[in-house]
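K.L.:
The following comprises the amino acid sequence and a computationally predicted model.
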Amino acid sequence: MSDYMFMLESHLSSDQSRVVTEFQTAAAQANTNIFLTGGAMRDMLGGFPILEIDFTVEGNAIKLAQAVTKKAGGKILGIDENRKLVQMLFPGGVRATIGMARQEKYPKPGEKPIVKPATLHEDLRGRDFTINSIALSLNPASRGLLLDPNNGVGDLERKELRAVSNYTLYDDPARLLRVLRFKVRLGFTIDERTKMQYDNAREAQLETRIPQPALLDELRHTANEPNCADIVRLLEEEKLLHLYSKALEGGKINMAGLQKLQKAKQMVPFGVDLHLENVGLFLYFLAEKLSAKERSEFTKGIGLSKREVEQWQKLEANSKKLEKDLKSAKLQKPSHVYLLLSKAPGDQILFLLAHSAERIVHDRIRNYLQKYLPSAQEVTERDVLATGAKPGTPKFQKAKEELILTKLDARPKKIPPPEVPPGGPHAGPHGAPGAAQPVLARK
């Protein structure tokens, strides 16, 4: 096993590992070359949690995505027919993207690119930033081989954001928003030439050419970020929030609420699927201070789906019952709180943590996120197999839940205090006071 494959396995959750294995197997059966690319490689090599798995194939990405989602119980969230790019969601909350290795040419800034199939090396040389243009082969003959034609690994080590070409931000102005998001999330600086390109693009007002679907896509990415409040603050400083709504400026931005949301999101243990709908949750706090008319204009202008609008507008009302249940005196044991919250929508849990005025609600949610969930993760598949239950069956899930509940309610073993002999801690072997130790003079 190469060092990079070992590094990958140590960064992936068990659910993510299963998705990677499924795609490797499917690509081998289809005789298609597949690579781990983009954000997954950036996060792995940079030491960050892998939030989404990105694959690139030298072949039919859509067909491969359809085959794997059907077999692995996933679902397709969206397909970009032009780029042959598919976004997917798998059990355990695993997000993945697979795309065809391609070259893109932009007739004009912000226009739909002309796309044609390409080799992986050509694909990497045409990406946005060097840290996103690294690949790891998952193919049997070259498994674990690192491909880095733009020295993205070096920029990761320098903690620097560098555009792949002199036209990166001009070709696709949505990258103006993306570079700021990466700057906040990774804590990197923008290199001098890329900053100059950014300033020139802003002077030419290329941000006004960002198409609406790309704006919405960036908004969804920001909603998924753990430090969403810091990103919104930077967008405000750069005078870019007006792209979403002219009303989003100054006191109309609920920065205090967004900070509370950010703090709540950062309490979620890595690798835990909270069944979280981030967009509606994020929009609630972002637009909380807007008037009804301003919210309506914002909704229509950005092109939100009906589902996203309902998640946003019904979030507070839908969270009322959960808040009432969390205040109940019947929740006397950790297992009671765990059972309630493990079945609750994650967006409602984080909404109440950031918005509820009830102290007991805050305390119980914090205990769930910081104590009970980490404890539950300690129950392994091997522990469940020891009960005789078979993986993938309802009995297996029930056995696992029972082990978790027992573990949560078990009282910690008391460690007896050390025995002290009669006469005190300095007593001799028969209880008599020990001889005084000589005091050494300080030299």
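P.N.:
Looks like it arrived, so ask away. Being a predicted model, the structure only gives us computed values, none of them experimental. Numbers count the residues shown, from 1 in each chain.

K.L.:
Who are the contact partners of the residue sitting nearest the centre point of the chain?
P.N.:
Centroid-nearest residue in the chain: L51, 3.7 Å away (criterion: Cα atoms, centre = their mean). Shown in contact with L51 (Cβ atoms under 8 Å, 6 or more residues apart in numbering): G39, D43, R95, N224. Backbone N, C-alpha and C define where each C-beta goes, glycine included.

K.L.:
Looking at these, point me to the pair that's furthest apart.
P.N.:
Farthest-apart pair in the contacts of L51 is D43 and N224; separation 13.2 Å (Cβ to Cβ).

K.L.:
The two: which is more packed in?
P.N.:
Taking other Cβ atoms under 10 Å, D43 and N224 do not tie; D43 has more neighbours (21 against 16).

K.L.:
what helix or strand is the more buried one on?
P.N.:
Using DSSP states H and E, D43 sits in helix 38-46.

K.L.:
Which strands and helices lie in contact with the helix or strand just after that helix?
P.N.:
The helix or strand immediately downstream of helix 38-46 is strand 52-57, counting by DSSP H and E. Applying 3 or more Cβ pairs under 8 Å, 6 or more residues apart in numbering; DSSP states H and E, we find strand 52-57 packed against helix 14-29, strand 34-36, helix 38-46, strand 94-100.

K.L.:
Can you show me the CA trace of the last one as CSV?
P.N.:
Output of strand 94-100 as CSV, limited to C-alpha atoms (Å, rounded to 0.1, in the frame of the first residue of the first chain):
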residue,chain,number,x,y,z
VAL,A,94,-21.7,10.8,2.5
ARG,A,95,-21.6,13.4,-0.3
ALA,A,96,-19.8,12.6,-3.5
THR,A,97,-19.2,14.1,-7.0
ILE,A,98,-18.1,12.3,-10.1
GLY,A,99,-17.2,14.0,-13.3
MET,A,100,-15.8,13.3,-16.8
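
K.L.:
Only the buried residues of the next helix or strand after it, if you could.
P.N.:
Sequence-wise, the next helix or strand downstream of strand 94-100 (DSSP H and E) is strand 102-105. For strand 102-105, burial by neighbour count (16 or more other Cβ atoms under 10 Å) applies to R102, E104.

K.L.:
Alpha carbons only: can I get the helix holding D43 in PDB?
P.N.:
Coordinates of the C-alpha atoms in helix 38-46 are reproduced here as PDB (Å, rounded to 0.1, in the frame of the first residue of the first chain):
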ATOM      1  CA  GLY A  38     -10.400  18.100  -6.200                       C
ATOM      2  CA  GLY A  39     -11.500  18.900  -2.700                       C
ATOM      3  CA  ALA A  40     -11.000  15.400  -1.400                       C
ATOM      4  CA  MET A  41      -7.300  15.400  -2.300                       C
ATOM      5  CA  ARG A  42      -6.900  19.000  -1.100                       C
ATOM      6  CA  ASP A  43      -8.500  18.200   2.300                       C
ATOM      7  CA  MET A  44      -6.600  14.900   2.800                       C
ATOM      8  CA  LEU A  45      -3.100  16.400   2.000                       C
ATOM      9  CA  GLY A  46      -3.900  19.600   3.900                       C
END
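
K.L.:
that older thread, is it possible to get a markdown table of the contacts of L51 that adds distance to K75 and pLDDT?
P.N.:
A markdown table is the format used below for those (distance: Cβ to Cβ, whole Å; pLDDT from 0 to 100):
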| residue | distance to K75 | pLDDT |
| --- | --- | --- |
| G39 | 20 | 92 |
| D43 | 23 | 92 |
| R95 | 11 | 91 |
| N224 | 17 | 91 |
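
K.L.:
The stretch 101-250 of the chain: strands as residue ranges?
P.N.:
Using DSSP state E, counting those that start in this stretch, the strands of the stretch 101-250 of the chain run over 102-105, 114-117, 135-137, 146-147, 160-161, 189-190.

K.L.:
neighbouring strands for the third one, and are they parallel or not?
P.N.:
Partner strands and pairing direction for strand 135-137 (DSSP bridges) are strand 34-36 (antiparallel), strand 146-147 (antiparallel).

K.L.:
same check, this time on the fifth one
P.N.:
With DSSP bridges as the test, strand 160-161 is paired with strand 189-190 (parallel).

K.L.:
ok, residues contacting the partner strand?
P.N.:
Contacts for strand 189-190 (Cβ under 8 Å, 6+ apart): K159, E160, L161, V179, K183, Y198.

K.L.:
Now that the first one has come up, it's in contact with G187, right?
P.N.:
Yes. At 6.9 Å, K159 counts as touching G187 under the criterion of Cβ atoms under 8 Å.

K.L.:
quick one on the thing from earlier: packed most tightly, which of the strands of the stretch 101-250 of the chain would that be?
P.N.:
strand 135-137 (a mean of 23; mean count of other Cβ atoms under 10 Å).

K.L.:
Identify the residues contacting that strand?
P.N.:
With Cβ under 8 Å, 6+ apart as the contact definition, strand 135-137 has outside contacts at 4-5, 8, 33, 35-37, 41, 56, 120, 124, 143-148.

K.L.:
Which stretches in the stretch 251-400 of the chain count as helices?
P.N.:
Secondary structure of the stretch 251-400 of the chain (DSSP state H, counting those that start in this stretch): helices at 255-265, 278-286, 292-302, 306-313, 315-318, 320-326, 334-342, 346-355, 359-367, 373-377, 381-385, 394-409.

K.L.:
which secondary structure elements does the fifth one contact?
P.N.:
Same thing as helix 315-318. Other helices and strands packing on helix 315-318, by 3+ Cβ pairs under 8 Å, 6+ apart, are helix 278-286, helix 346-355.

K.L.:
can these go into CSV with extra columns for mean neighbour count?
P.N.:
Listed next are those as CSV, based on neighbours: other Cβ atoms under 10 Å:
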stretch, mean neighbour count
helix 278-286, 24
helix 346-355, 23
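
K.L.:
As JSON lines, these with distance to S375 and mean pLDDT would be great.
P.N.:
Formatted as JSON lines, the helices and strands packed on helix 315-318 follow (distance: least, Cβ to Cβ, whole Å; pLDDT from 0 to 100):
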{"stretch": "helix 278-286", "distance to S375": "25", "mean pLDDT": "96"}
{"stretch": "helix 346-355", "distance to S375": "17", "mean pLDDT": "96"}
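
K.L.:
among these, which is nearest Q397?
P.N.:
Q397 lies closest to helix 346-355 among the helices and strands packed on helix 315-318, at 18.7 Å (Cβ to Cβ).
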